[in-house]
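Asks: Requesting a structural model of the entry that follows:
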Amino acid sequence: MKQKSISYAKWGYLFILPFFVSFFIFSLIPLADTIRYSFFEYYRSGIKEIGPNFIGMANYISLLKSDMLKYAANTLILWIVGFIPQIVIALLLASWFVDARLKIRGTQFFKVVIYLPNLIMASAFAMLFFTMFSTNGPINSILMSIGLIGEPIDFLGTVYGTRSLVGLMNFLMWFGNTTIMLMAAIMGISPDIFEASELDGCNSVQSFSVSRCR
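Replies: Prediction:
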């Protein structure tokens, strides 16, 4: 007797269908419409509605003549300030937490603690930093009380101070999430590879970057 084969592939397509439908309606269509309207002049001046009038690349030319490149450079600087320390610290913590030889206790507690800032709203984080690093805030008060500075530092009134605070906020909000993802990636590596590296005499640095082992 022939055995009847059952295919479950259709259920997989059925389960992923809601994502693609919602993405198409709420993301893809608005994105395509935004690109289309970028070639038109369409705005409201008081009660008068202007457009839509096709103007070609005029909007893009006007954008390039503005301070867009300066804004892009500032965004790149803030990304570097927040991203590079985030990756370094997250990778170091992930390697510690998954290393059975260190026998770190309470790893679940530490995972929750480092992930908590990711749950705080960005606006709440900004208000917290505004309060802490203002001229009359607790940071300046502590630094003045221990004699490190003679007058308050205007963290929010200087370019370097503002960039540093934004980079610090970005780091604190996302390094926990990055740590969890890197831990999952490292745990996906077969333990046999690390055991083989130890047998080959690799040190801790070589074991960490398994590809260096011979």
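
Asks: Contact partners for the residue most central in space within the chain?
Replies: Centroid check for the chain by Cα atoms, centre = their mean gives residue 174 as the closest residue, at 5.3 Å. Going by Cβ atoms under 8 Å, 6 or more residues apart in numbering, residue 174 touches 82, 86, 118. C-betas here are computed from N, CA, C, even on glycine.

Asks: Next, find the distance separating the second one from residue 57.
Replies: Distance, residue 86 to residue 57, using Cβ to Cβ, to the nearest Å: 37 Å.

Asks: same thing with residue 132?
Replies: From residue 132 to residue 57 the distance is 46 Å (Cβ to Cβ).

Asks: Show me which of these two is the more surrounded one.
Replies: It is residue 132, of residue 132 and residue 57, that has more neighbours when counted by other Cβ atoms under 10 Å, with 14 against 11.

Asks: Check which helix or strand the closest residue to that one other than its chain neighbours maps to.
Replies: The shortest distance from residue 132 to any non-neighbouring residue, by Cβ to Cβ, 6 or more residues apart in numbering, is to residue 139 (5.3 Å). Using DSSP states H and E, the element containing residue 139 is helix 138-145.

Asks: Next SSE downstream of that helix?
Replies: Downstream of helix 138-145 (by DSSP H and E), the next one is helix 159-187.

Asks: Let me see the mean pLDDT of that next one.
Replies: For helix 159-187, the mean pLDDT works out to 84.
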